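**Q** no sequence on hand, only this structure:
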DNA sequence: TGGAAGACTGGAAGCGCTTCCAGATTCAGG
DNA sequence: CCTGAATCTGGAAGCGCTTCCAGTCTTCCA
């Protein structure tokens, strides 16, 4: 391309001809299948080398009915949701696992209806060998589409109101409970939560974890302040919470970005962390480590989530029957609580 | 898939048969090409609907020699480079532009040699209609591979030691100079820089901008402290700088993450920002806004970078001859300087 | 009303590769 | 030196779709 020469790529026929064998033999050499004599094998290899031959993936895909690619779909309200570093980590994990299986990664940011329709077509058209679905909203049309898909589908996290057959999730409930229990163990009693949107399963599960822990300790769960996992929403939620409950001494933020926002509000209001109010986040993103003070948080294996989703998908594609997975979380204690 | 029924997808032949037309006509209807009578058109459409027919993209790709996908390749030392939110934003931009052109996005994290070889194969095998290349290292084998590619290649940023034919870059030099000039205009005279790795073009250009501005103002450019665009490297660099030049009153960090790290070190050392030392970052990432104090920084249009790369690639794919692009940067003044 | 321009139509030839299968070859054992 | 098994080989039939092209059918003008 760079030099502008058309230079039509060579085909398997040309390789076969140059090597003096039939196309079948050449094909077998390329897929190193059996039933090829060493002599011809070498002849073909030499021809491949001389011609700089590279098989055409499309033709191969058509013949084998295997595309050689898996798609990762991120649904959600608007594309900016993808800016959350969470997804980058998922991708790193998924990419590594797919590479092991020699699959390419297609990325679909299906924030618009148009995008979702496009994914729908992908699902029904064998445009990929399998699909990973993430960040579905409540009543997301993708859930139904997934049911009628022609190809394997793995969910990352469980969508609300829909029970997927195959999914990888994180123990949100347990993590949130552990975080809240830790606050309680610190002697805090007026503990509030900044939760994620309650029309998402993460939002609900983490809130339920908080609630369970409070109830179990005989404390009164406070009505949650709802954020959207962004820093600013966390800051706003913290402000609202402080106004409503001036005597607060503990906050469980269902996401590190929101936790960081809460820290900012608290700092601006002159309240000391953790002396006056202890704060715990969730996710263990980079921001937690660099927050001031460093944020105690619930670690979740984000890269692992991506990796396991991909592995499950690969298993499904190769005809196996994996079982859903729930990945463990663990508390990481830093300075904020 | 969900229900486990094999349910072989229907083909164009079946559609044609059901509609009582030839395959050619059916094909024309699907691509809404001319030369189809309204009656047959409707018959085909009805058949498509009844069968729930979706064209097989692979077969179409083979026939048209158009894959319908473009790849975004992120090279670099190790996969964690991708964790930088920078790439997520690039992807959002690129994804949007590709969607307009009805192209899918393939993402290749080519951090290993194996990954790079895979990309090389992609480049020579028409596995995608075009490729966007980013974060190439010095002497990155991908540069040479790109030259011999069978498909259009657009670079994001210019690799060091290689002058790509088509690229989209950001005005790193100008941005860095503006940042440094601003520090100078504030009356700072002992200004240091925390730069990015000098075997990358970004690293070099931003350092050169700093140097130019210092020289132009008759100030002595200090030898740079080199980081790797992470928060911790910025913190470490700042520590080294403080030790070496205790009287420092200004710092230009060539990335916001490093700037945030510098702020942390400064805060821990009890130095006030901006009173004692003014700090400016680069990138205008989310972290700049939530840093304490909020980081003055050089804004670069990251989403725009992705969008323009994709547009340029689409132009190339459709046979046009676009010209390289350098996107402007601008100073965003916050509290740290 | 003849005929040419134009609109439709469907047969057929690919796109480049895999894979089944029947025939050819090789080779060891008898 | 012959036979059956084991191993190779290449012809041919796809994979599902696009598109060229040569006919067929309309139209419309002179």
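**A** All right, it came through fine. Here the structure is a predicted model, which is why all the values come from computation and not from measurement.
**Q** got any ranges where chain A has weak pLDDT?
**A** Residue ranges of chain A with pLDDT under 70: A:1-7.
**Q** same thing but 50
**A** Within chain A, the stretches with pLDDT under 50 are A:1-5.
**Q** strands of that one, start to end?
**A** Applying DSSP state E to chain A gives strands spanning A:69-74, A:104-109, A:130-134, A:153-156, A:167-170, A:191-195, A:225-226, A:250-253, A:278-283, A:296-299, A:325-327, A:330-332.
**Q** right, is the second one up against chain B?
**A** Yes. Where contact is defined by CB under 8 Å from any CB of the partner chain, part of strand A:104-109 touches chain B, namely A:104, A:105, A:106, A:107, A:108, A:109. Quick note: C-beta positions are derived from backbone N, CA and C, even for glycine.
**Q** helices and strands around that strand, which ones?
**A** strand A:69-74, helix A:85-100, helix A:113-125, helix B:85-100, strand B:104-109 (3 or more CB pairs under 8 Å, 6 or more residues apart in numbering or on different chains; DSSP states H and E).
**Q** among the ones you listed, which is nearest DNA strand C?
**A** strand A:69-74 (15.9 Å; CB to the nearest atom of the strand).
**Q** who does that closest one pair up with?
**A** Note on strand A:69-74: by DSSP bridges, its sheet partners are strand A:104-109 (parallel), strand A:130-134 (parallel).
**Q** hey, which of the ones you listed is tucked in deepest?
**A** Most buried of the strands paired with strand A:69-74, by mean neighbour count (mean count of other CB atoms under 10 Å in any protein chain shown): strand A:130-134, with a mean of 27.
**Q** list of residues touching that one?
**A** A:70-75, A:87, A:90, A:94, A:119, A:122-123, A:142, A:146, A:149, A:151-157, A:159, A:309-310, A:313-314, A:316-317 (CB atoms under 8 Å, 6 or more residues apart in numbering or on different chains).
**Q** okay, the angle between it and helix A:85-100?
**A** 160 degrees (axes from the mean of the first three to the mean of the last three CA atoms, to 10 degrees).
**Q** quick one: distance of strand A:130-134 to the chain centre.
**A** 9 Å (CA atoms, centre = their mean, to the nearest Å).
**Q** do you know how far residue A:180 is from residue A:26?
**A** The spacing between residue A:180 and residue A:26, counted by CB to CB, to the nearest Å, is 64 Å.
**Q** cool, residue A:147 as well?
**A** In terms of CB to CB, residue A:147 sits 42 Å off from residue A:26.
**Q** got it, and residue A:209?
**A** 59 Å.
**Q** can you redo the strands of chain A as JSON lines with distance to residue B:40?
**A** Below are the strands of chain A laid out as JSON lines (distance: least, CB to CB, whole Å):
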{"stretch": "strand A:69-74", "distance to residue B:40": "34"}
{"stretch": "strand A:104-109", "distance to residue B:40": "34"}
{"stretch": "strand A:130-134", "distance to residue B:40": "34"}
{"stretch": "strand A:153-156", "distance to residue B:40": "36"}
{"stretch": "strand A:167-170", "distance to residue B:40": "45"}
{"stretch": "strand A:191-195", "distance to residue B:40": "57"}
{"stretch": "strand A:225-226", "distance to residue B:40": "55"}
{"stretch": "strand A:250-253", "distance to residue B:40": "61"}
{"stretch": "strand A:278-283", "distance to residue B:40": "56"}
{"stretch": "strand A:296-299", "distance to residue B:40": "61"}
{"stretch": "strand A:325-327", "distance to residue B:40": "51"}
{"stretch": "strand A:330-332", "distance to residue B:40": "64"}
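**Q** tell me where chain A has helices.
**A** A:12-19, A:23-30, A:38-51, A:57-64, A:85-100, A:113-125, A:141-147, A:172-185, A:201-216, A:231-244, A:256-268, A:286-290, A:302-317 (DSSP state H).
**Q** next up, the contacts around the residue most central in space within chain A.
**A** Computing the C-alpha centroid of chain A and ranking residues by CA atoms, centre = their mean puts residue A:90 first, at 4.0 Å. Applying CB under 8 Å, 6+ apart to residue A:90 gives the contacts A:72, A:134, A:156, A:302, A:303, A:305, A:306, A:309.
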